[in-house]
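> mind folding the following:
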Amino acid sequence: MTAPSNDSGGSGWIDRSCARTRSWVDEAIRMVAADANRSADTHLHVFPLPGEWGIDLYLKDESVHPTGSLKHRLARSLFLYGLANGWITEGTTIVEASSGSTAVSEAYFARLIGLDFITVVPRRTSPEKIALIERYGGRCHFVDIPAEMYTEAERLAAETRGHYMDQFTYAERATDWRGNNNIAESIFEQLSMERHPVPEWIVVGAGTGGTSATIGRYLRYRRHHTRLAVVDPENSAFFPGWATGATDYATGMPSRIEGIGRPRMEPSFVPSVIDLMVPVPDAASIAAMRHLNDVTGLCAGGSTGTNLWGVWQLVAKMRASGIRGSVVTLICDGGERYRHSYYDDDWVAAQGMDLKPATATLERFLATGEWDDAPAS
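Prediction:
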């Protein structure tokens with residue numbers, strides 16, 4: 001076979017460079033990086049705990065990002081990853097499979113650099129999130145069976161000759177876990193002047209697994225003694241897959257806590273960097289989310305409640321062991337997106353959930369410091 005050659009002398013070289021394409025990518029990366037440069041770091045709130053406990057709880061408020069959630073960080077990283085890899089160029093249609101918040105953030109960045117955006121979402125996705133996606137110029141493509149999101153996104157990307165972002169595969173590798181202003185580095189910088197600057201625990205949920213992978217790797221890389229706990233809602237495959245070591249574990253059931261929990265073990269989920277996983281009943285997640293609002297006025301979504309239910313159990317264990325120190329968790333997104341679901345008593349009742357036992361557990365714990373292991377639902 002004769003090797004193909006270019007037009008300059010038949011040297012056999014293939015030159016695929018294009019000055020216009022490279023120039024467009026350069027400008028797109030500048031705009032995405034500038035968005036981060038314009039944004040101040042997210043707040044680290046202190047939750048009021050009794051002083052005699054000797055334990056400080058911090059809530060990193062990711063809801064203050066321009067698109068209102070933790071997924072703003074992920075979307076930025078995925079766009080930079082795709083641009084740097086040459087997968088995203090001028091005119092590329094961006095396609096994603098997302099339950100909502102990632103799609104909101106990706107729609108924002110697609111519009112920022114002038115690209116079309118299509119997301120495949122379950123039909124039950126909250127109307128507030130759909131409205132946000134469309135506000136940023138995105139288009140929603142609905143599926144009735146959540147498990148079909150992946151294949152439908154691949155089909156749409158092929159049909160449009162676009163790029164499937166595939167957050168569930170690339171989340172753990174798109175973010176530089178060594179630092180470079182990732183969420184873990186940000187947490188430790190903000191804690192540097194606190195009385196317990198190296199926390200005993202960081203508690204997060206898993207949707208793609210990218211956040212837990214970034215934090216877990218960073219903790220090992222920086223040789224911190226901090227341990228990573230991941231909380232998991234009902235129907236999710238992550239906890240049973242982690243507990244059994246089955247990397248192909250699947251439940252085939254969607255999570256009712258938007259943004260976290262998956263029906264299958266995702267490629268971006270890295271079990272080996274997790275020290276502890278805590279399964280959390282959905283009623284407990286919603287009760288904890290509402291309790292946070294009652295106590296602090298902070299209005300957050302259901303995944304933040306899942307985080308807090310795990311936090312309180314760890315704080316109780318620290319107290320029982322006489323350990324003083326700090327714990328950090330995340331406010332993943334704002335509660336205004338869930339006015340028609342998690343904050344709606346009729347919706348909660350229609351799901352067959354009773355929040356009273358979990359609420360009583362939380363109130364009793366904060367009053368006495370003792371954790372009741374009775375079922376929360």
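
> reduced to three states, what does residue 49 come out as?
Secondary structure assignment for residue 49 (DSSP: H, G, I helix; E, B strand; the rest coil): coil.

> measure it to residue 143 for me?
43 Å (CB to CB, to the nearest Å). Quick note: C-beta positions are derived from backbone N, CA and C, even for glycine.

> swap in residue 333?
22 Å.

> who's more crowded, those two?
residue 333 (29 against 17; other CB atoms under 10 Å).

> OK, contacts around that one?
Residues near residue 333 by CB atoms under 8 Å, 6 or more residues apart in numbering: 62-63, 68-71, 101, 259, 300-301, 303-304.

> go again using 7 Å as the cut-off
63, 68-70, 101, 259, 301 (CB atoms under 7 Å, 6 or more residues apart in numbering).

> for it, name its beta-bridge partners.
residue 69 (DSSP bridges).

> check what pLDDT it gets.
pLDDT, residue 333: 95.

> and it, how far from residue 284?
From residue 333 to residue 284 the distance is 18 Å (CB to CB).

> endpoints of stretch 265-277, how far apart?
One end of stretch 265-277 to the other measures 14 Å (CA to CA, to the nearest Å).

> by mean pLDDT, point me to the weakest helix or strand of the chain.
helix 127-135 (a mean of 88; mean pLDDT, DSSP states H and E).

> packing partners for that helix?
helix 101-112, strand 139-143 (3 or more CB pairs under 7 Å, 6 or more residues apart in numbering; DSSP states H and E).

> now the angle from the next helix or strand after the longest one to strand 139-143?
For helix 101-112, the following helix or strand on the C-terminal side (DSSP states H and E) is strand 117-122. Calculated by axes from the mean of the first three to the mean of the last three CA atoms, to 10 degrees, strand 117-122 forms an angle of 30 degrees with strand 139-143.

> in what helix or strand does the spatially closest residue to residue 276 that is not a sequence neighbour lie?
Distance criterion CB to CB, 6 or more residues apart in numbering; nearest residue to residue 276, sequence neighbours excluded, is residue 229 at 4.4 Å. Element membership of residue 229, judged by DSSP H and E, is strand 227-232.

> for that strand, list every residue counted as buried.
227-232 (16 or more other CB atoms under 10 Å).

> what's the closest of these to residue 364?
Distance to residue 364, by CB to CB, is smallest for residue 231 among the buried residues of strand 227-232, at 20.3 Å.

> tell me which residues touch the closest residue to that closest one other than its chain neighbours, please.
Nearest residue to residue 231, sequence neighbours excluded (CB to CB, 6+ apart): residue 310, at 3.9 Å. Going by CB under 7 Å, 6+ apart, residue 310 touches 203, 229, 231, 278, 280.

> after the helix or strand hosting residue 310 comes which helix or strand?
Element membership for residue 310 (DSSP H and E) is helix 302-320. As assigned by DSSP H and E, the chain's next helix or strand after helix 302-320 is strand 325-331.

> what strands line up against that following strand, and which way round?
If you go by DSSP bridges, strand 325-331 pairs up with strand 55-61 (parallel), strand 201-205 (parallel).

> could you identify which of these is most buried?
strand 201-205 (a mean of 28; mean count of other CB atoms under 10 Å).

> and the helix or strand following that strand, what does it pack onto?
Using DSSP H and E, the next helix or strand after strand 201-205 towards the C-terminus is helix 210-221. When contacts are defined as 3+ CB pairs under 7 Å, 6+ apart, helix 210-221 packs onto helix 167-174, helix 183-191, strand 201-205, strand 227-232.

> and helix 210-221, average pLDDT?
Mean predicted lDDT for helix 210-221 stands at 97.

> mind listing what's buried in it?
210-219.

> next: stretch 354-364.
Buried, per 16+ other CB under 10 Å, within stretch 354-364: 355, 357-359, 361-362.

> give me the contact list for stretch 272-280.
212-213, 216-217, 220, 227-233, 239, 242-243, 306, 309-310, 313.

> stretch 124-143 too?
99-101, 103-104, 107-108, 110-111, 117-123, 149, 152, 156, 258, 336-341.

> give me that answer again for 8 Å
So stretch 124-143 is in contact with 67-68, 99-101, 103-104, 106-108, 110-111, 116-123, 149, 152, 156, 254, 258, 336-341, going by CB under 8 Å, 6+ apart.

> okay then, goodbye and thanks.
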